[in-house]
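Visitor: after the sequence you'll find the predicted model.
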Amino acid sequence: MSAVVSRVQDLGGGTPERIELGAHVPGQEQLLTPAALAFLIGLHRRFEPARQARLAARRERQRFFDAGGLPDFRADTAAIRAGDWQVAPLPAALLDRRVEITGPVDPKMVINALNSGANCFMADFEDSTAPTWGNLITGQRALKQAVAGTLEFTAPAANGTPGKHYALKPFAQQAVLMVRPRGWHLDEKHVRVDGAPMSASLFDLGLFAFHNAGALTTFDRGPYFYLPKLQSMEEAQLWNDVLDHVEQALHLTPGQIKVTVLIETLPAVFEMDEILHALRTRIAGLNCGRWDYVFSYIKTFRKHRDKVLPERGQVTMTQPFLRAYSELLIQTCHRRGAHAMGGMAAQIPISGDDAANETAMAKVRADKLREVTAGHDGTWVAHPALIPLAREIFDERMPTPNQRHVLREDVLVVQADLIKPSLGTITRAGFEGNVEVCVRYLAAWLDGNGCVPIHWLMEDAATAEIARTQLWQWLHSDGLHLDDGTQVDFALLERALIGLPSKLADRMKLPGASRINEAIGMLDRLTHADDLAEFLTLPAYARLD
Ligand SMILES: CC(=O)SCCNC(=O)CCNC(=O)[C@H](O)C(C)(C)COP(=O)(O)OP(=O)(O)OC[C@H]1O[C@@H](n2cnc3c(N)ncnc32)[C@H](O)[C@@H]1OP(=O)(O)O
Ligand SMILES: O=CC(=O)O
Ligand SMILES: [Mg+2]
């Protein structure tokens, strides 16, 4: 906690509160005002014990899976699944979400995304942001200014040429803003209350709501959030309790805060009705967070030799277990009147190679076509250049603002479909590719950059986690071989790691180049460890800032 400097704050309530904050970064004083800090302290004191209980429940459940148990639909909530209920009506701003752009929260990205022509913009504090204190404060400040309509940015001058200036389009032409706070598992180490770090989720969500709820109300909106990495109905209930509290404390209308929940863990797919029900006064939809979902499948089945997945590139949405997940999500959402959002194709535009670009765009097109045909109400893009492509496909196949009327009663998904093993192989390129992605992503993240292009694929915390957990599982499963017959063992890993610095040597301008050796050391330790680390970002966070 070297970065924490302020020891005690007098928040004006008579008794100085015990809150410690990260070293000052520009703009912090306008965000972390005494009133905002008092609000955050209130959130922490009220909800931290419940958060810790939920994290303990996750560990307990994983012990059951490690002992051979399988996730399944819950007997104790059968009445919720069988019941005839609907989520609350959706606000006008969230009726048509056919194309949503996502991205990190730096000012340029925020302006570009809001101006992009997408229906919605998910400003991401999670998978695509490395949570340095500077990134968080800069991001919160950018969002506050964006909501106020004052956000501007000028790129630094280069070679005597003035930097490009960025400004927001008029409000009516902007994408609808949604914010994704970090997940329940993460602490915010730069804010300690009563001597303990506060929840990163409560920090991100609380600070955004505190500063922007009033302004959003004047636009007939509310704070809209994406909630990541939930594992159970109880976690959704905890979020609902938090949001009820936030609405009361900020004098909002009950249900004004809207959320979309990412179904991106394997345990959660068995509780989608229950999650919708727990949040039914405020939930707008569920989203197929496919990358974290695959990561979660690997993590849940870390000890299940019969469920080892093939290499990352072969785990596409047409694998039966992923198709079942997406179709059950659509059926569940539409039955309850909620949106069923699609997810992210990882391909981004390739400049300077038309043929390669066309191949990449064909993959994105096929993915979006699959989504709209299956019944999704909208999709995600990682890059503004993909918006016209996604829009064209959804416009053509979805003439209505959404397709919640498509009930998909033909879908019959049972437990076995959702946990079905996948066919495929592990190639040398797939193994070495995982090593490279882990090292390069980790190095960039440690350097403060949470989303980078690697071999023309968008890589963020979720995609990198697949690579990391696959390596661990492959190396800890006896008798696995590459498709060329080579045994998968630590010698293979060592060879890939040793070769990496020279392979990357001519790319010393790579994001995070200076931290490559540190990343190699971390990956080596993480893969050798007897226990699979829950999240890459937990040990990495200790090294951030
Ligand atoms: C698994 C999940 O959680 S998915 C959700 C989380 N992941 C994401 O949101 C991915 C977001 N995407 C990105 O961060 C970026 O697109 C990257 C890192 C993949 C590629 O970024 P770059 O290398 O900068 O792309 P590129 O150089 O082609 O960008 C061209 C322009 O588009 C802008 N741009 C690129 N992606 C985005 C975006 N998602 N939102 C807004 N603007 C963007 C760039 O800022 C740049 O703007 P400029 O011309 O004004 O300078
Ligand atoms: O957050 C999205 C994902 O795919 O993970
Ligand atoms: Mg995710």
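Guide: On my side now, so go ahead. Ligands and ions are numbered 1, 2, ... in the order given.
Visitor: CA atoms of the helix or strand in which residue 523 is found as CSV?
Guide: Per DSSP states H and E, residue 523 falls inside helix 516-528. Taking C-alpha atoms only, helix 516-528 is exported to CSV below (Å, rounded to 0.1, in the frame of the first residue of the first chain):
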residue,chain,number,x,y,z
ILE,A,516,8.1,-8.3,-20.5
ASN,A,517,10.7,-10.0,-18.2
GLU,A,518,8.5,-9.3,-15.2
ALA,A,519,5.5,-10.8,-17.0
ILE,A,520,7.5,-13.9,-18.0
GLY,A,521,8.4,-14.4,-14.4
MET,A,522,4.8,-14.1,-13.3
LEU,A,523,3.5,-16.5,-15.9
ASP,A,524,6.2,-19.0,-14.9
ARG,A,525,5.1,-18.8,-11.3
LEU,A,526,1.4,-18.9,-12.0
THR,A,527,1.6,-22.0,-14.2
HIS,A,528,3.9,-23.9,-11.8
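Visitor: can you name the element that comes right after that helix?
Guide: By DSSP H and E, the next helix or strand past helix 516-528 is helix 537-542.
Visitor: what's the average pLDDT for that following helix?
Guide: Regarding helix 537-542, the rounded mean pLDDT is 98.
Visitor: do stretch 179-198 as well
Guide: 97.
Visitor: and for the spatially closest residue to residue 378 that is not a sequence neighbour, the neighbour number?
Guide: The shortest distance from residue 378 to any non-neighbouring residue, by CB to CB, 6 or more residues apart in numbering, is to residue 97 (4.0 Å). Using the backbone N, CA and C atoms, a C-beta is placed for each residue, glycine as well. Using other CB atoms under 10 Å, residue 97 has 28 neighbouring residues.
Visitor: for residue 482, same thing?
Guide: Residue 482: 18 surrounding residues under other CB under 10 Å.
Visitor: which parts of the stretch 351-500 of the chain sit against ligand 2?
Guide: residue 462 (CB under 6 Å from any ligand atom).
Visitor: now do the same contact list for residue 70.
Guide: By CB atoms under 8 Å, 6 or more residues apart in numbering, the contact set of residue 70 is 415, 419.
Visitor: from now on call the first residue 14
Guide: OK, 14 is where the count begins now, so the last one is residue 83.
Visitor: picking that back up, in the helix holding residue 536, what counts as buried?
Guide: Within helix 529-541, the residues scored as buried using 16 or more other CB atoms under 10 Å are 529, 531, 532, 533, 535, 536, 537, 539, 540.
Visitor: in a markdown table: the residues you listed, plus distance to residue 459 and pLDDT.
Guide: Below are the buried residues of helix 529-541 laid out as a markdown table (distance: CB to CB, whole Å; pLDDT from 0 to 100):
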| residue | distance to residue 459 | pLDDT |
| --- | --- | --- |
| 529 | 10 | 92 |
| 531 | 6 | 95 |
| 532 | 7 | 96 |
| 533 | 12 | 96 |
| 535 | 8 | 97 |
| 536 | 12 | 98 |
| 537 | 15 | 97 |
| 539 | 13 | 98 |
| 540 | 17 | 98 |
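Visitor: which of the residues you listed sit farthest apart?
Guide: 529 and 540 (16.4 Å; CB to CB).
Visitor: is whatever helix or strand residue 125 lives in in proximity to ligand 1?
Guide: Using DSSP H and E, residue 125 falls within helix 120-127. Yes. Helix 120-127 lies within reach of ligand 1 by CB under 6 Å from any ligand atom, at 121, 122, 125, 126.
Visitor: what's near enough to touch the closest residue to ligand 3 within the chain?
Guide: Here the chain gets closest to ligand 3 at one residue, residue 305, 3.5 Å apart by CB to the ion. If you count contacts by CB under 8 Å, 6+ apart, residue 305 has them with 140, 241, 242, 275, 277, 278, 475, 478.
Visitor: that older thread, buried ones among the residues of helix 120-127 next to ligand 1?
Guide: Neighbour counting by 16+ other CB under 10 Å classes 121, 122, 125, 126 among these as buried.
Visitor: how about those in TSV, adding distance to residue 329 and pLDDT?
Guide: Compiled in TSV, those are given as follows (distance: CB to CB, whole Å; pLDDT from 0 to 100):
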residue	distance to residue 329	pLDDT
121	32	98
122	27	98
125	29	98
126	26	98
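Visitor: please pull up the helix or strand immediately following the helix holding residue 125.
Guide: strand 133-137.
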